[in-house]
Each structure stands twice: as structure tokens, then as C-alpha cells.
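Peer 1: Please work out how this folds:
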Amino acid sequence: MTQKELRKKAMALPLNPGVYIMKNKDKKIIYIGKAKALKNRVSSYFGSHSNHSLKVIRMVENVDDFDYILCDTEFEALVLECSLIKQHMPKYNILLKDDKGYNYIKVTKEEFPRIKECYRMDDENAEYIGPFISGFSVKNAVEETRRIFKLPSCNKQFPRDWGKSRPCLNGFMGICSAPCGGKISQEEFKSNINDAIAFLKGGSAKSIKDMTAKMQEYSENLEFEKAAKLRDRIKAIKNLDEKQKVVSINVPEEDVFALVNSNKKACFEVIRFKNGRLTDSEHWLIDSVDDEAQARFELIERYYSMRQYIPSRIAVDGEIAEEELLHKFLETNRGKKLEFVHPQKGEHLAIVNLCIKNANEHLAQQQGRLGREMAALEELKNLLGLATPPEYIESYDISHTFGADNVAGMVVFHNGRPMKSAYKRFSIKGFDGQNDVGSMNEVLERRFKHYYEDEEGSTFKILPDLILLDGGQAQVNAVLPVIEKMNLSVPVFGMVKDSKHRTRAIAFGGGEIEINSHRSAFTLVSNIQEEVHRFAVSYHHNKHKKSSFSSGLLKIEGVGEKKAKALLKEFKTISAIKEASVEELCKVPSITKKNAQDIVDYYNNL
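Peer 2: Numbers count the residues shown, from 1 in each chain. Coordinates of the predicted model:
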């Protein structure tokens, strides 16, 4: 069908709740959605695309026909939508791949046994502990067990590599017993393995009890070295318990969700708590989302369609579209009461921030960035109310000496890091004298003229996600008309400094946003402001050295650098010095009457 035919069919739909099913030319289902009023929702796809995201436009372009199923309520439509999506897995729906399987702890049977995590029991010559549902818990358990009992985690084979090399860093730090350096006997190594297995099977409390009894026995037999090793091991287990308490909450059970969105990808993260302790963590990398509130609705609904257990409390990092409907859906599936929370302070906000931090880290790894840089961009996005984190930031600063040698510097931060290949210098051409606002206006107009006129390959052809100006609202007001005149949509903010020339706030719309309490964003903006100031000033100094002293002042007998600087400080520009009288020039400190007459004669004879 054509778009016109599809719209005509959509306009004939009833205003009832229901589920609509989009199909391509091959009759394959490519999208399934629910609607409170089918006619309104479905017809919106086949009208103007001005309010549609690129993803929706692409989906609509592939629609050849659609079916629909009427429901009595929107809730029934949600239940049906969920069931159909699980069944058909349409291309354009937000989907989560369920790779959750059983996890095991594997203990190899060899002269020097190893403890590993694995997904299946495929080795008859090994012992397995499990199964466990949480791969996160298994991984942590294996890592901590190796650390407590000083077991190697390298790929060396023993006894083949026994005593054949110097211990690695883990050996020097005492984290590994270093069999590669021959620092432990096979008998003692196997004893450590047996204790580690007992710890994994019996838990920390039983292990501490057994080891305490054995430590006392060694002490009574004057075997103090063995007793000391057990003492250190008990201490390590207790430290592990304390470490786990740090990541804990004072509610019996809770799932915490976070969604971090960038221009190309998004990360959906969940961390799960039972009995107040962190028990599991999962994440999915998906395509960037256009509506975060709607995405949270769909992602949480999809998540629990894959998981049987729904806790009594769910914490979320932001707004959820149709939250009441989702709450009813999950509470019905759970069969008990359920609470949605949006933490604003205290330990629960700290846990949500931990979830956001993990999502940032996973997204950063996927994009080849550092987690702290991703976190800073995410925080800046939220602080400034941007749709997505600003991956490409341009910043501008003006520099001059009392209105002479006006220049501007432009620096670029890409993914939170300086992109020096895109830095640009501008020499102000429109006027002489001190006018930072006018200079900023000229520079931005010239910059975006390059955007339209340059050939492909120029960094000027990259449209920034954010512009930060060194200065307050006056600089921002100077630039906004330029952006509007150029038919562009780029957010512009000013960077405000305190009396000590340090970043204090961000200027916008006549007001200011304090950023000191937002550590990641504050550090990023401060770095940008310092870098653009350094770059602009360095360019100005170079130009000023060439212009101010080659302008003619130093060619005048009796006028050196100090007197030239004094003249520029007083008159601001060379043009003003040229027009000054002998009497006016004599008012400048250090300028004698002879100096003044020589200056007047010099410029009159040019």
C-alpha cells in the first residue's frame, strides 16, 4: 500500500484501545504497538514526519500493511502487546536478548586444580558447584575466592611452569601464592584449594568458624606461621563481608534501573538486591532512544517478561511514560503489591547513581571512551536539559590587550576529550577596540559560514552538539541571533567565572546554573574553559608580539617596550595614538615631551 492508502485505512480505525501490527511487503511483522485510541495512534504514523524520529521514519517507510486487534482496556492491550512481541520479536521494537542461563563454578581435577566460572558442565574430569542463576554472583565469588586463598588466575600450567619464572605483580602483592616462582608446595596448594571449595560450598560464616578453630589449634601447638596465615585469611573474609555491606540497602528486595542514552547507542542497566545485598547485575547495549521515558516503560516491561521474579520495590533513574499502567501490569504479574520509587536523596539515590555509573562504563567501553568522561557528558546533558549527551562540544574565548590585536580561540572536545585537530584561530576583522560581545558575534558568524561553504572533510562541516562561550549572558545573547539567522539549532551556554577566574556557573536565558555540586560536569566544563582560555591567549600573545612592536612604536627613537605598553594601555589602539596630540601623549606615565613630539612627527611623516 502507498502512504496515502495506509493513512486512509488508519483513519477508518475505531477509537478503541487495541494492538496494531505493522508488516512489510513480505508480510513479516516489523513492529507491534499498543494504543489507547487506535485511530489516533496509527494515523499519526502516516501523516507528517516532522515530529517523528529517524527510526520511526525508517520503520514507516517499510510498512506495506497493518493489522489490529481490539481490546476492552489499555491494560489488556499492554498484556497482548507484551505477548505478541515475545512471540514475533519485531525488528523495530526495543528488544532485549535474554542470554541468561545457568552458571557454575568449576574445579578442575589436576595436580594443581583451578577454580573457574563457566556456563555449562562439559568436562567429566571436573567438579562443579551450582547451578547459579546469577553470572554476576558467580564471577564475584570466584574472584574473591582466588584473592582470599591466594590462588593463581593466570594461564600458566603447573607443574610444567613450576618455579620457572619470577612471580607476576599479583605474587609480589601477596594476592597469589606464586607457584610459578616455587613459593608454595603442591601439598599446601591443594590444602588451599580444599579450603576454597569449603568456603564456596559452606559460606563465609562456616569457613570463619572452622578456620578460627584450626588457628587456635596451631597456636596451641606453637605453629605460629600456620596460625598467622589462617588469621590473615579470616581477616580477608571479614573484609569481604564489610565490602559487601557497602553496596547494600535497608530494604529486603529491590531492582534498580538506569538508562544512559548517547547519540548512537544507549545502555540499559539493572542491579538487583535481595536481603539488602547486591546479588546480580545485567546490562544491554541498544540503539539510541528518542524518548527516554517511553523507552524506560518498554525496557522494564521487556525485562520482566524474561524474568520470573518481580521484587516488591523498583527504583528508576528517571521518568517512566504511563507509569501507572506499567505498575498495574507488573503488580498483576507479581500477584502482590509493588512500589515504584524515584530516589532523590540518601542511600537509595546513591544506589541509583551506582547503576548509572555502571551503565556509563559499559557504554563508554562500547564507544572506546572512559567511564568518567561518559558520566561527565551524561551529567552535563541532564544539567543543561539536552536531549542527548553532547559528544561534540565547541568552545570560544576572546583575547586582546586593551582592545588591540583582538583574536578568538575555538577549541573542540569530542567525547569529553580535546580534539586538537579541530581547533581554530580567528583574527577579529570587523573593528578595532575592546568589544568582546561584537567579537563573539563576528566569530560565530564566520564559523557557521564555513559550515555551509566548506568542502566535505573540513571539521567546520561538523555541527556541534553544544557551544560553550567564555563569558556570561551578554556573549550568549550576541550569538543566538547568529544561530537563528543561519537556520541552525545548536544549544548555546556561557561559562561564568568567579573573582579568582575559576568556573562558577553556566549562563542561560538570563539566569545561571550552579555546577559546583555536579562534580563530573564541573570538572569537564572547567577543563574546557581553561583550555579555550589558554588557546586564545597563546594566539593573542603571538600576534601581539608581532603587531604591537612592529606597528612603528619601537621604531621611534626613545620609545622602548615599556613605553609602548604604557601608550597602548592608555590609548587602547594604535589608531588612537596616531590621533593624539603632544599634550595628550605627555599625560602617559614615562612619556616625555620629546617622546611625545617624536611620536607625533613619526606618524605625521608616514
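
Peer 1: Next, give phi and psi for T573.
Peer 2: Dihedral pair for T573: phi -130, psi 160, per degrees, to the nearest 10.

Peer 1: let me fix that: M374
Peer 2: phi -60, psi -40.

Peer 1: and it, how many neighbours?
Peer 2: Number of residues near M374 (other C-beta atoms under 10 Å) recorded here: 28. Placement of C-beta: from N, CA and C, glycine included.

Peer 1: pLDDT value on it, please?
Peer 2: As predicted, M374 sits at a pLDDT of 78.

Peer 1: wait, it sits on P389?
Peer 2: Yes: counting by C-beta atoms under 8 Å, M374 does reach P389; the two are 7.3 Å apart.

Peer 1: got any residues that touch both of the two?
Peer 2: S262 (C-beta atoms under 8 Å, 6 or more residues apart in numbering).

Peer 1: Figure out how far the strand or helix carrying V437 is from the centre of its chain.
Peer 2: Secondary structure assignment for V437, by DSSP states H and E: helix 436-453. Distance of helix 436-453 from the chain centroid (C-alpha atoms, centre = their mean, to the nearest Å) equals 30 Å.

Peer 1: can you pull the contacts of the closest residue to I21 other than its chain neighbours?
Peer 2: Nearest non-adjacent residue to I21, counting by C-beta to C-beta, 6 or more residues apart in numbering: D67, 4.5 Å away. D67 makes contact with Y20, I21, K23 under the criterion C-beta under 8 Å, 6+ apart.

Peer 1: Tell me the most packed of the residues you listed, by neighbour count.
Peer 2: If you rank the contacts of D67 by neighbour count (other C-beta under 10 Å), Y20 sits at the top with 21 neighbours.

Peer 1: Was I right to think it contacts Y68?
Peer 2: Yes: contact status for Y20 versus Y68: in contact at 4.7 Å, counting by C-beta under 8 Å.

Peer 1: shared neighbours, the two?
Peer 2: With C-beta under 8 Å, 6+ apart, Y20 and Y68 have common neighbours L38, V42.

Peer 1: Show me which helix or strand of the protein is least confident by mean pLDDT.
Peer 2: helix 224-246 (a mean of 65; mean pLDDT, DSSP states H and E).

Peer 1: Would you mind finding the longest helix in this structure?
Peer 2: helix 186-220 (DSSP state H).

Peer 1: for that one, packing partners?
Peer 2: On a contact count with 3 or more C-beta pairs under 8 Å, 6 or more residues apart in numbering; DSSP states H and E, helix 186-220 meets strand 103-108, strand 115-118, strand 126-132, helix 135-148, helix 224-246.

Peer 1: what is the mean pLDDT for it?
Peer 2: pLDDT averaged over helix 186-220 gives 78.

Peer 1: Would you indicate which residues of that helix are buried?
Peer 2: 189, 192-193, 195-197, 199-200, 204, 207-208, 211, 215, 218 (16 or more other C-beta atoms under 10 Å).

Peer 1: With stretch 324-344 instead?
Peer 2: In stretch 324-344, counting by 16+ other C-beta under 10 Å, buried: L325, L326, F329, L330, E331, N333, L338, F340, P343.

Peer 1: one step back: before we move on, which element is the residue nearest to I21 in?
Peer 2: Here D67 is assigned to strand 65-70, by DSSP H and E.

Peer 1: So for that strand, what gets flagged as buried?
Peer 2: Buried, per 16+ other C-beta under 10 Å, within strand 65-70: F66, Y68, I69.

Peer 1: Relative to the whole chain's centre, how far out is it?
Peer 2: Centre to centre, stretch against its chain (C-alpha atoms, centre = their mean), the figure for strand 65-70 is 39 Å.

Peer 1: same check, this time on stretch 489-503
Peer 2: 21 Å.

Peer 1: For that stretch, what does the pLDDT average out to?
Peer 2: pLDDT averaged over stretch 489-503 gives 83.

Peer 1: Other residues contacting it?
Peer 2: Against stretch 489-503 from outside (C-beta under 8 Å, 6+ apart): 384, 386, 390, 395, 463-473, 475-476, 479-480, 483, 504-508, 512, 515, 522, 525-526, 528-529.

Peer 1: ok, the residue nearest to I21 to K8 distance?
Peer 2: 16 Å (C-beta to C-beta, to the nearest Å).

Peer 1: same question, I193
Peer 2: For I193 relative to K8 (C-beta to C-beta), the value is 73 Å.

Peer 1: Check N415 too.
Peer 2: 46 Å.

Peer 1: Of these two, which one has the most company?
Peer 2: N415 (19 against 13).

Peer 1: Just give the closest residue to R372, not the sequence neighbours.
Peer 2: S520 (6.6 Å).

Peer 1: next SSE after the helix or strand hosting that neighbour?
Peer 2: Using DSSP H and E, the element containing S520 is helix 519-548. The C-terminal neighbour of helix 519-548 among helices and strands, as given by DSSP H and E, is helix 561-571.

Peer 1: List the buried residues in that following helix.
Peer 2: K563, A564, K565, L567, L568, E570, F571.

Peer 1: swap in stretch 418-434?
Peer 2: Those buried within stretch 418-434 under the rule 16+ other C-beta under 10 Å are P418, M419, A422, Y423, K424, F426, I428, D432, G433, Q434.

Peer 1: can you list the residues that contact it?
Peer 2: For stretch 418-434, the external contacting residues (C-beta under 8 Å, 6+ apart) are 398, 400, 402-404, 406-414, 438-439, 442-443, 446-447, 459-460, 462, 531, 535, 539, 543, 572-573, 575.

Peer 1: Only C-alpha atoms, please: export it in CSV.
Peer 2: The C-alpha trace of stretch 418-434 is given here as CSV (Å, rounded to 0.1, in the frame of the first residue of the first chain):
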residue,chain,number,x,y,z
PRO,A,418,40.3,17.7,23.5
MET,A,419,40.2,17.2,19.7
LYS,A,420,43.2,19.5,18.8
SER,A,421,42.9,18.7,15.1
ALA,A,422,39.7,20.7,15.1
TYR,A,423,40.9,23.8,17.0
LYS,A,424,40.6,27.1,15.1
ARG,A,425,42.0,30.6,15.4
PHE,A,426,40.2,33.8,14.4
SER,A,427,41.6,37.3,14.0
ILE,A,428,38.9,39.9,14.5
LYS,A,429,38.5,41.9,11.4
GLY,A,430,35.3,43.9,11.8
PHE,A,431,36.5,46.6,14.1
ASP,A,432,39.2,47.9,16.4
GLY,A,433,38.9,48.4,20.1
GLN,A,434,37.5,46.4,23.0
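
Peer 1: distance between it and the chain's centre?
Peer 2: With C-alpha atoms, centre = their mean, you get 30 Å for stretch 418-434.

Peer 1: Offset the numbering so it begins at 705, please.
Peer 2: Okay, residue one is now 705; in that scheme the one you just asked about reads as stretch 1122-1138.

Peer 1: could you give the mean pLDDT of that stretch?
Peer 2: 82.

Peer 1: Just say helix, strand or coil for W988.
Peer 2: strand (DSSP: H, G, I helix; E, B strand; the rest coil).

Peer 1: quick revisit: which member of the buried residues of strand 769-774 is positioned nearest K743?
Peer 2: Taking C-beta to C-beta as the measure, K743 lies nearest Y772 of the buried residues of strand 769-774, at 9.8 Å.

Peer 1: quick one: contacts for the closest one?
Peer 2: L717, G722, V723, Y724, I725, L742, V746.

Peer 1: State the distance from it to N807.
Peer 2: Y772 is 42 Å from N807, by C-beta to C-beta.

Peer 1: now V1186
Peer 2: With C-beta to C-beta as the criterion, V1186 and N807 are 58 Å apart.

Peer 1: Take the buried residues of stretch 1122-1138 and keep only those in helices.
Peer 2: Using DSSP H, none of these sit in helices.

Peer 1: how about the contacts of D771 in a markdown table, adding secondary structure and distance to R870?
Peer 2: Shown next, in a markdown table, are the contacts of D771 (DSSP: H, G, I helix; E, B strand; the rest coil; distance: C-beta to C-beta, whole Å):
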| residue | secondary structure | distance to R870 |
| --- | --- | --- |
| Y724 | strand | 67 |
| I725 | strand | 65 |
| K727 | strand | 65 |
